[in-house]
Structure formats: C-alpha cells, structure tokens
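Engineer: Model the following, please.
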Amino acid sequence: MYRRLFFLLWAFFIIGAFCISCSKTEQPKLAASGPDWIRWRGPDANGIYPETEWNPAVLNQEREPLWTFAVGKGYSSVAIKGDLLYTLGYDEGKDTIFCLNDQDGSVVWSYSYDCKPGEYSGPKATPFIDGDTLYSLSQEGHLFCFNALDGKIIWQKHLNEFGARAPTWGFAGSPVVEGDLLLLNACESGLALNKQTGEVIWQSKASATGYSTPVLYEQNSTRYIALFGQKAVYGVEFETGRVAWSLLWQTSYDVNVADPVIFDNKVFISTNYRRGCALVDIQAETPQILWKSTLFSSHFSSFVYHEGYIYGNDGSAGGPSAGFGFFRCINAQTGEDMWFETAGLGSLIMVGDKLILLDDQGNLKVAEATPDEYREIAAGVLPRGLYWTPPVFCRGKLYIRNNARGKLYCIDVR
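Structural biologist: Numbering: from 1, shown residues only. Sure thing, here's the model as predicted:
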C-alpha cells in the first residue's frame, strides 16, 4: 500500500513539474487587434499601425516564421483584409498576383500574365483592397481590377493607353482608391479612372512619371493629392486633376520615389544622390521652401511623421555611398537633427508608439518613437538576402519580403 502511495505521489510531482516548466517556456500570446492593412503604407497611408498589444522582445530570440511563401522576384509589399493577403511576384517571364491564406500562407487563388522583368526584376507597386475588389499594377503598366475573393478579372487596362510612359525602372507608385476614383501616379501629374469601369475621369499630360504613390490630403475644405513627378512635386485637385501647385525638384536619374509627407499645410520631401530634403509651405499657389537639408537623402524609403518629428532612413542603394546610411529623427518644423543610428539603406514603420526598423541586410530593430534619443528595445536578424521592401504589421504579425531570395516571411510577434 505504501509503495503504491509513493508512486502516486511521485507521479503527481512529475506532472506538476512539467506544468510549471510549460508555464515558464510557453507564455500566453497577447490578443491581436487592429484594422486591416489594405494598401501601401497601411490603413492610413502613413506607415503607422495603431496596435499596442504585441511583444517586441520576441525578436530577441531565434524564432521560425509562422510561415514562408516563395513569392518570386519583385519589391511589392502586401495588402491584408481579414484572413486574406495579396501580393505580387515575378518568375520566368510572368508576373503572378497571389491571394494567400494569412493563417498558413497557402494559396487561395493566383493569376499570372506575361510581363518583362525590367531592371531590378519584378513588380514594385502594392495592391489596393477596396471592399471585395482588388487593384494591381505591374512595373510595365498592366492594370487589373479583380474580384478579391475569387480572382476573376472585372476589367483590365494598360497605362500606355493613357499616354503614360514607364520611368527608367518601371512603374512603382501603388494604386489608390478614394470614393469612386482609382488614382495613379501616371503621366505628368497623375491619372484618375472610374474604379468600376477603368474609364478616364481626368488625366494629365502624356509623359513618363515619378515613382511615388499619390498621397491624399485636405486643405481649405478641398481635397488634393500630392505626388512626385519626374522633375517636380505636384499638388493636384482630387476631383478635377487641376494642378494647384508644383515645385521643381530634380534628382539625378529622375529618381523621385519617397512619398511626400503632408502636415499643417506643409509638405516634406526627400530624394537621394545628395539632393536632400525640404519642408515646403503649400498654402499659396507658389510653394515656399521653409528649410532644406541633407540630413535625409532617401533613395526610395518613405517617412513617418509623429508629434512634430520625422523618422526615416538616409541611405543609398548604389554608388560610393551604398551600404552606408542612418536611421534618424529630425524636428519637422526646423530640420534640426535629434538623433541618428548608423545603418545602411533601410525602411521603417511605426506600430503603436514604437518604430520597427529594417535595413537592407535583414537586421531588424525595434526602438521607441521619441525624439529624445535612440532607444533600442529589441533586435533580431533575418535570413541573408536583400531587404528593400518595408515591413508590414497587422494584428500581431510582421510581414517581411526577402527580395534576393524571393521569399515572404510571416512572423508572429505576440
């Protein structure tokens, strides 16, 4: 009897110890909440995602991705609605638009079409989800409107139909839907189509274009879009396409890429090849440059504006400055340098009150979004490759594209 009681107590001890061990190693995940990431630069098109229930410390550990998907060559980011994720890739003479199950990375549907690879092969624009409709643009100019649920084509066009010529490295500005309009950085200063039919609502002069995505803003109760053309930045009336203002801004090789940042009737712009950055007052028909600086010379990475400060990357993808650059914070009103952290070319987004910084070698960091100093709170390293596509965050998961390996990683950070 005592022997039986001894074994019973021993069994309870082993089970209890095992449960304690499990509770120490497997912490419960935080509840994920937040809006869909339906477009380039997130729900509000500003690189900011409003979620606080996530765990940056996860990145300090070696952790396998939740799933990995072979998306192919290209630089497109992802768009997410519910459990569906959309992106594009290039392989063997074809672009493919993928709809994936966000839970496991499995393919829900895909559609492929012939497309030239172009230099720096593959698509560069990010799809836009509008309800149950998906809009997608190739670097060559193929424009599609899909049923987002089953992949059936509703309509398709090619941007050369509208006199739009691709810039040197292909169309890169992502489509934007607002109201009944589909807005595109095409022709000299933009193009607007009926989102349901693809018919022209307004168009600018036939021309090659810049690489940025149209940015919506409102001023004096009128809606506008700001975008970079090849040789100027434009403010365009949303409904009519009339150019309200423009500022000549020429960059070597016409590489005007990073999206303009609009706040307080001002626009912040930045381009590479030491062209630098500027803050411009756009209240009058003739824009006035308030300050200029070389602190930010962005090759193609866009910026985050938060509580009077601008966060971003000053780095180059090629030439003698390749591999050398900084993540930094500046005072938006004065251009004063607040802090910098040495890095190469990189990109960043903001999640809650934290910055997620990714350099082109796959070094991933999390820092406080504060102008006081650079305060790093977590860091990790991704598989070797090239990382030119900015990270995406949605409901406790981080999505990162390895451009060299043609892989898309989904990382659980709860």
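Engineer: Could you pull out the strands in the stretch 201-350 of the chain for me?
Structural biologist: Taking DSSP state E, counting those that start in this stretch to define them, one finds strands in the stretch 201-350 of the chain at 207-208, 215-219, 222-228, 232-237, 243-248, 261-263, 266-271, 276-281, 288-293, 304-306, 309-315, 325-331, 337-343, 346-351.
Engineer: quick one: R63 from I411, how far?
Structural biologist: 7 Å (Cβ to Cβ, to the nearest Å). All C-beta atoms are positioned from the backbone trio N, CA, C, and that covers glycine.
Engineer: if we can go back for a sec, out of the strands of the stretch 201-350 of the chain, flag the one nearest E53.
Structural biologist: Of all the strands of the stretch 201-350 of the chain, strand 346-351 sits nearest to E53, with 10.3 Å by Cβ to Cβ.
Engineer: Tell me the neighbouring strands of the closest one, and mark each as parallel or antiparallel.
Structural biologist: Using DSSP bridges, strand 346-351 pairs in its sheet with strand 48-49 (parallel), strand 354-359 (antiparallel).
Engineer: what's the distance between it and the middle of its chain?
Structural biologist: 9 Å (Cα atoms, centre = their mean, to the nearest Å).
Engineer: sorry, back to before: out of the strands paired with strand 346-351, which is the most enclosed?
Structural biologist: strand 354-359 (a mean of 24; mean count of other Cβ atoms under 10 Å).
Engineer: avg pLDDT for that one?
Structural biologist: The average pLDDT for strand 354-359 rounds to 98.
Engineer: which residues are contacting it?
Structural biologist: Residues from elsewhere that reach strand 354-359 (Cβ atoms under 8 Å, 6 or more residues apart in numbering): 56, 304, 311, 313, 315, 327, 341, 343-350, 364-369, 377, 387, 390-391, 393, 398, 400.
Engineer: which of these are buried?
Structural biologist: 56, 304, 311, 313, 315, 327, 341, 343-350, 364-367, 369, 387, 390-391, 393, 398, 400 (16 or more other Cβ atoms under 10 Å).
Engineer: sorry, back to before: let me have the strands of the stretch 201-350 of the chain in a markdown table, extended by mean pLDDT and distance to E373.
Structural biologist: Listed next are the strands of the stretch 201-350 of the chain as a markdown table, based on pLDDT from 0 to 100; distance: least, Cβ to Cβ, whole Å:
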| stretch | mean pLDDT | distance to E373 |
| --- | --- | --- |
| strand 207-208 | 94 | 43 |
| strand 215-219 | 97 | 30 |
| strand 222-228 | 97 | 31 |
| strand 232-237 | 98 | 32 |
| strand 243-248 | 97 | 33 |
| strand 261-263 | 98 | 23 |
| strand 266-271 | 98 | 22 |
| strand 276-281 | 98 | 21 |
| strand 288-293 | 98 | 20 |
| strand 304-306 | 98 | 15 |
| strand 309-315 | 96 | 12 |
| strand 325-331 | 96 | 9 |
| strand 337-343 | 96 | 5 |
| strand 346-351 | 98 | 16 |
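Engineer: Output these as CSV; include the columns distance to K81.
Structural biologist: Formatted as CSV, the strands of the stretch 201-350 of the chain follow (distance: least, Cβ to Cβ, whole Å):
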stretch, distance to K81
strand 207-208, 33
strand 215-219, 20
strand 222-228, 23
strand 232-237, 28
strand 243-248, 33
strand 261-263, 25
strand 266-271, 30
strand 276-281, 34
strand 288-293, 38
strand 304-306, 23
strand 309-315, 27
strand 325-331, 30
strand 337-343, 32
strand 346-351, 18
